[in-house]
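S.K.: any chance you can model this:
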Amino acid sequence: MLTYVLRTLLRMAITLFLIVTLVFFATRLSGNPVDFVLGEGITKEDRALLIAYYGLDSSISTQYWRYLSSVFSGEFGLSFLERRPVSEIVLERAWPSLKLLLSAVCFTLIVSIPLGILAAIYRTSIIGSVVMVIAFLGYAVPSFIIGILLVLIFAYTLNWLPVIGDGTALHFIMPTLAISGTLVAAITRFTRNAMLDVLSQDYMRTARAKGLPEWIVILKHGLRNASITLLSVVGLQIASLAAAGSVVVESIFAWPGIGDLLVRSAILRDYPVLQFGVLSVAVAVIVINAVVDIAYASRIRASALPRDKRMTDATHNLSSPRNTGTRTYRLPIWSDANWIVRIALLIGLILVVTALAAPWVAPFDPNAQSLISRLRPPIGFERYKDGFYFGTDELGRDIFSRCIYGLRLTFALALAGAVIGLLIGGTLGLMAGIIGGVFEEIIMGLVDAQIAIPFTLIAFSFWQSWAHPWT
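M.R.: From the prediction side, this is the model:
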């Protein structure tokens, strides 16, 4: 166990170094911050003086070495915009983000674990089907879409909930629901799968034979053993939520947290704040992952059987798999109970065919503009009957046609991302498993770094580097 802990700490150190390096170079891709600090009309002399004052006139290697020295010494510099220590600015935003994260995690665990248990127990009934539909919807709808819909319904239309700030308990409702959508879906699904594996074990049948109440059998014998798998899943989901889940949602609700601060710093190119903010989030994610890994390893170690007992059970199961009396709760994909899979595949097939047949299906040219028809509502809301099923945008373009053509780009990007991820991830994973040693630790450090850094900020940095190169 001590060896495993030391190995985990070594991986944490490698991951932190990789994160520091990636954050430094990613922020440099977004252009010169002096242009945003002073704006237009600045003279060349003043611009050169400010660049020298911030140390941006040095080479990238010199800036990188200076940044590493400041990180290890604990001096993270001053904000370009506020002229205050970045640690003070980030710490001011840490508590609101932590409160939102805790509320989202508590809500997720309270809702998802009971739903997953119900979906496993009533797997062939309408209850299990409804739970899985909810889980699929949570996967399908991004958190920022959920946030926008909540604002439109409960704030704009019904005027029930406040949108901006964190002053009261009502301010937590919509951000918590928006962040928890995908998290509830993931943990519900994993809880269901873990419980299905447990329900088919012999000790569950033995517990029922002893006359124990069903709720004790499910909670004490079922959920307790399923928690080994759930522990790692919940930890990874919480780490992913801390890294990227709240960045966009905090911006939507103007939540005074680290996510909103990171977005603002990325837009205004406030390098010191952005670097320290991302590093702080990354450290939190790495610590969560390390704690979960160590807890998972200790739980496995504590629940492991002696070697001779494990070998006897394995030999028995292999020699007589049909005589164990164990019932399986796994359902074939095409069974009647898995009608959700059929519907999902049918919807996916319809979307693919629609995207391929966009020139024939779309009623209008997606780029055709008509100022006379601008901002038309969808059909059925007003007297207009021009065939704009989803209405028109501010330039009079048909939204329905643009959505159909947008499917092409979405499917192309998704396919390209899946292929690239499979090639790169599969190759690196295979090499790490074969070579092992330090190479494996470096690869796993890269994986942890990718999880810890909000991908939205990395993508924004690349976009900024394309639109506004360093000058």
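S.K.: residues of stretch 9-17 that come out buried?
M.R.: By neighbour count on 16 or more other Cβ atoms under 10 Å, the buried set for stretch 9-17 is 11-12, 14-16. C-beta: built from backbone N, CA, C; applies to glycine.
S.K.: cool, and stretch 72-86?
M.R.: Neighbour counts over stretch 72-86 (16+ other Cβ under 10 Å) mark 76-81, 85-86 as buried.
S.K.: with stretch 367-377 instead?
M.R.: The neighbour-count check on stretch 367-377 (16+ other Cβ under 10 Å) flags 373, 376 as buried.
S.K.: now stretch 439-448
M.R.: 440-448.
S.K.: save those as a markdown table, and put in secondary structure and distance to residue 352 too.
M.R.: Formatted as a markdown table, these follow (DSSP: H, G, I helix; E, B strand; the rest coil; distance: Cβ to Cβ, whole Å):
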| residue | secondary structure | distance to residue 352 |
| --- | --- | --- |
| 440 | helix | 38 |
| 441 | helix | 41 |
| 442 | helix | 39 |
| 443 | helix | 34 |
| 444 | helix | 35 |
| 445 | helix | 38 |
| 446 | helix | 33 |
| 447 | helix | 31 |
| 448 | helix | 35 |
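S.K.: any idea which of those residues is closest to residue 171?
M.R.: residue 448 (32.7 Å; Cβ to Cβ).
S.K.: roughly how far does that closest one sit from residue 14?
M.R.: 8 Å (Cβ to Cβ, to the nearest Å).
S.K.: hmm, residue 451 is touching residue 282, no?
M.R.: No: counting by Cβ atoms under 8 Å, residue 451 does not reach residue 282; the two are 9.0 Å apart.
S.K.: any idea which helix or strand comes after the worst-scoring helix or strand of the chain on mean pLDDT?
M.R.: Least confident helix or strand, the chain: helix 307-319 with a mean of 37, by mean pLDDT, DSSP states H and E. Going down the chain from helix 307-319, the next helix or strand is helix 339-356, by DSSP states H and E.
S.K.: how about low-confidence regions in the stretch 351-471 of the chain?
M.R.: Along the stretch 351-471 of the chain, the model assigns pLDDT under 70 to residues 380-387, 454-471.
S.K.: now with 80, please.
M.R.: Flagging of the stretch 351-471 of the chain using pLDDT under 80 yields the residue ranges 376-389, 436-438, 441-442, 444-471.
S.K.: repeat for the stretch 151-300 of the chain
M.R.: Using pLDDT under 80, the stretch 151-300 of the chain drops low at 165-167, 199-212, 214-217, 219-248, 251, 263-264, 266-271, 281-282, 284-300.
S.K.: in it, which spans are helices?
M.R.: Applying DSSP state H, counting those that start in this stretch to the stretch 151-300 of the chain gives helices spanning 170-199, 202-209, 214-216, 224-240, 246-252, 258-268, 271-303.
S.K.: quick one: mean pLDDT over the host helix or strand of residue 92.
M.R.: For residue 92, the host element (DSSP H and E) is helix 86-121. Average pLDDT, helix 86-121: 87.
S.K.: now the angle from it to helix 224-240?
M.R.: 150 degrees (axes from the mean of the first three to the mean of the last three Cα atoms, to 10 degrees).
S.K.: any idea which helix or strand comes after helix 86-121?
M.R.: Counting by DSSP H and E, what follows helix 86-121 is helix 126-140.
S.K.: show me what counts as buried in that following helix.
M.R.: Within helix 126-140, judged by 16+ other Cβ under 10 Å, the buried ones are 128-129, 131-132, 134-136, 138.
S.K.: and the helix or strand following that helix, how far out from the chain's middle?
M.R.: The helix or strand immediately downstream of helix 126-140 is helix 143-150, counting by DSSP H and E. Put simply, helix 143-150 sits 15 Å off its chain's centre (Cα atoms, centre = their mean, to the nearest Å).
S.K.: tilt between helix 143-150 and helix 86-121?
M.R.: 80 degrees.
S.K.: circling back to that earlier point, so which of the buried residues of stretch 9-17 are in helices?
M.R.: Those of the buried residues of stretch 9-17 mapping onto helices are 11-12, 14-16, per DSSP state H.
S.K.: which of the residues you listed lies closest to residue 266?
M.R.: Among these, residue 16 lies closest to residue 266 (Cβ to Cβ), at 20.8 Å.
S.K.: distance check, the closest one against residue 282.
M.R.: 7 Å.
S.K.: next one: residue 94
M.R.: 14 Å.
S.K.: which one's more surrounded, these two?
M.R.: Comparing residue 94 with residue 282 by other Cβ atoms under 10 Å, the one with more neighbours is residue 282, at 25 against 16.
S.K.: now do the buried residues in stretch 280-295.
M.R.: 280-282, 284-286, 288-290, 292-293.
S.K.: want to throw these into TSV with distance to residue 155?
M.R.: Compiled in TSV, the buried residues of stretch 280-295 are given as follows (distance: Cβ to Cβ, whole Å):
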residue	distance to residue 155
280	30
281	28
282	33
284	30
285	31
286	36
288	32
289	35
290	39
292	36
293	40
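S.K.: not counting sequence-adjacent ones, nearest residue to residue 117?
M.R.: Leaving aside its sequence neighbours, residue 117 sits nearest to residue 195 (Cβ to Cβ, 6 or more residues apart in numbering; 5.8 Å).
S.K.: separation between the one you found and residue 122?
M.R.: Residue 195 is 11 Å from residue 122, by Cβ to Cβ.
S.K.: residue 246 now?
M.R.: 33 Å.
S.K.: ok, and what's touching stretch 145-153?
M.R.: Contact with stretch 145-153 is made by 161, 163, 174-175, 177-178, 181, 248-249, 252-253, as judged by Cβ atoms under 8 Å, 6 or more residues apart in numbering.
S.K.: work out the gap between it and the centre of the chain.
M.R.: The chain centre lies 18 Å from the centre of stretch 145-153; the measure is Cα atoms, centre = their mean.
S.K.: buried residues in it?
M.R.: Using 16+ other Cβ under 10 Å as the test for burial, stretch 145-153 gives 146-147, 150-151.
S.K.: between residue 195 and residue 122, which one's more packed in?
M.R.: Set residue 195 next to residue 122 and count neighbours by other Cβ under 10 Å: residue 195 wins out with 26 against 14.
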